[in-house]
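1. Task: produce atomic coordinates for the following.
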Amino acid sequence: KLETLLKHPQKHLEYPIFIKPRWGHKSASSKNCYKIDSHEDLKSYSHLEEMIWTEFIDDREEMTDFFVYNGKIVFYICYKYSKSQNGVVADEWKYVSQENKPPGNIVDWVTSNMKGYSGICNAQYRGTKIIEISLRLSRGGAYIYSTNLPGLVENINNLVLYNRWDYTKAEKFQFRPFYAFKSFTTTPLIYIPPFFMLENIVKKNNCKEFYEYYFEPSGKDGMAFFQFMNEDFEKGMIIKEQIENLTNRMNYFFYFMILLILLLLLCGYSKTYYVIIITIVLYMSRCLNSGYSMVGLINAQKQSMFG
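-> You can find the predicted model right below:
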């Protein structure tokens, strides 16, 4: 029990440990996921309810979407994560390719535990240790969509809705490998650029059709905030840096303007209100983003600040 862990941590625990919500929808995009390095950290999170407490597995994370027909794996797509990561944000990029293969023990687990099942089984694992199993597509199907295989999408729909799998179509499922990149910042975000500015960057660099504001907080370490896909790794890393630099500089600008306004007010400058109005007008351009993006940012900011 948690009470026992708190009373005798040195007897029962080896740090670091990892905690996350019991229910998957509460941990999407790394929400409410924490790496705990000490007993003092443990006390800070002891009030959280319905959490899973486990060892921290210091290994490379990967993920596979399995498609299961009457208990048999008929197709899968495996996502290989970058070795580098930012805090609890598990990756800077994912490599999506048919050459990627899941560990044998993960395949065995799905085969053994999905007998008679038809549908999707998503497995996340570090090394060969399973950390999460769920009956949904990774990232809501964004990676599947980005394979540009309408036949695969049709087969998945038929599998889930009608328990059918067309083996003839499946033989033709071939797609070009690509990378999914996450832009990350250590700067506390008070502003995100209007979406069309980032859209212009990804479109002119021949990125995949799917890209989004994607907020994944990493505690006090920073936040992933935008995701896009490209077949060229080097180009993708350049785009990632461009988006990060643009976003950071815009935030630096508003931090500077706040400090300038405070300084002008202290000095009694008579036209400070002009500077305030201009700053507010520029700042409100963030409202050109969708309400969904703004709510996502606010929720991520709350988690970063308050846990």
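2. In the chain, where's the longest helix?
-> Counting by DSSP state H, the longest helix found in the chain is helix 233-267.
3. tell me how far stretch 94-114 is from the chain's mean position?
-> 20 Å (CA atoms, centre = their mean, to the nearest Å).
4. before we move on, back to that, could you point out the helix or strand that follows the longest helix of the chain?
-> Sequence-wise, the next helix or strand downstream of helix 233-267 (DSSP states H and E) is helix 272-283.
5. For the longest helix of the chain, which helices and strands make contact with it?
-> Judged by 3 or more CB pairs under 8 Å, 6 or more residues apart in numbering; DSSP states H and E, helix 233-267 is in contact with strand 93-97, strand 178-185, helix 195-204, strand 223-230, helix 272-283. C-betas here are computed from N, CA, C, even on glycine.
6. The first one: partners in the sheet, and parallel or antiparallel?
-> So the one you mean is strand 93-97. strand 72-81 (antiparallel), strand 178-185 (antiparallel) (DSSP bridges).
7. Using CSV, write out the CA atom coordinates for that strand.
-> Output of strand 93-97 as CSV, limited to C-alpha atoms (Å, rounded to 0.1, in the frame of the first residue of the first chain):
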residue,chain,number,x,y,z
TRP,A,93,10.9,11.8,-32.9
LYS,A,94,9.5,8.4,-33.9
TYR,A,95,10.6,6.4,-36.9
VAL,A,96,7.6,4.7,-38.7
SER,A,97,8.7,1.9,-41.0
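8. all numbers from here: first residue = 33
-> Yes, from this point I'll number from 33; that puts the last item at strand 125-129.
9. Okay, angle between it and strand 255-262 too, please.
-> Using axes from the mean of the first three to the mean of the last three CA atoms, to 10 degrees, one finds that strand 125-129 and strand 255-262 are set 30 degrees apart in direction.
10. go on, the second one?
-> Relative orientation of strand 210-217 and strand 255-262, computed by the same axes, to 10 degrees: 150 degrees.
11. Please, where are all the helices along the stretch 83-232 of the chain?
-> Ranges of helices in the stretch 83-232 of the chain, per DSSP state H, counting those that start in this stretch, are 136-145, 174-177, 182-194, 199-202, 227-236.
12. Which of those comes out lowest on mean pLDDT?
-> Note on these: helix 199-202 shows the lowest mean pLDDT, a mean of 90.
13. Identify the residue nearest Tyr175 in space, chain neighbours excluded?
-> Val128 (5.6 Å; CB to CB, 6 or more residues apart in numbering).
14. Also Asn132?
-> Cys110 (3.7 Å).
15. Convert the C-alpha atoms of stretch 138-154 to CSV, please.
-> The C-alpha coordinates for stretch 138-154 follow below in CSV (Å, rounded to 0.1, in the frame of the first residue of the first chain):
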residue,chain,number,x,y,z
ILE,A,138,5.5,-8.6,-27.0
VAL,A,139,4.1,-10.6,-30.0
ASP,A,140,3.8,-13.6,-27.8
TRP,A,141,1.8,-11.6,-25.2
VAL,A,142,-0.6,-10.3,-27.8
THR,A,143,-1.1,-13.8,-29.3
SER,A,144,-1.6,-15.4,-25.8
ASN,A,145,-3.9,-12.7,-24.4
MET,A,146,-6.0,-11.7,-27.4
LYS,A,147,-7.4,-15.1,-28.3
GLY,A,148,-10.7,-14.8,-30.1
TYR,A,149,-10.4,-11.0,-30.3
SER,A,150,-10.8,-8.9,-33.4
GLY,A,151,-9.7,-5.3,-33.5
ILE,A,152,-6.8,-3.1,-32.5
CYS,A,153,-4.3,-3.8,-29.8
ASN,A,154,-1.7,-1.0,-29.0
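16. Could you give the separation of that stretch from the chain centroid?
-> Using CA atoms, centre = their mean, the offset of stretch 138-154 from its chain centre is 24 Å.
17. most remote residue from this structure's center?
-> Here the centre of the chain is the reference, and by CA atoms, centre = their mean the most remote residue is Ser302, at 46.6 Å.
18. For that residue, what are phi and psi?
-> phi -70, psi -20 (degrees, to the nearest 10).
19. hang on, the earlier thing: make CSV out of the helices and strands packed on helix 265-299 and add distance to Phe98 and mean neighbour count.
-> Output for these, formatted as CSV (distance: least, CB to CB, whole Å; neighbours: other CB atoms under 10 Å):
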stretch, distance to Phe98, mean neighbour count
strand 125-129, 15, 21
strand 210-217, 19, 23
helix 227-236, 30, 15
strand 255-262, 21, 24
helix 304-315, 46, 13
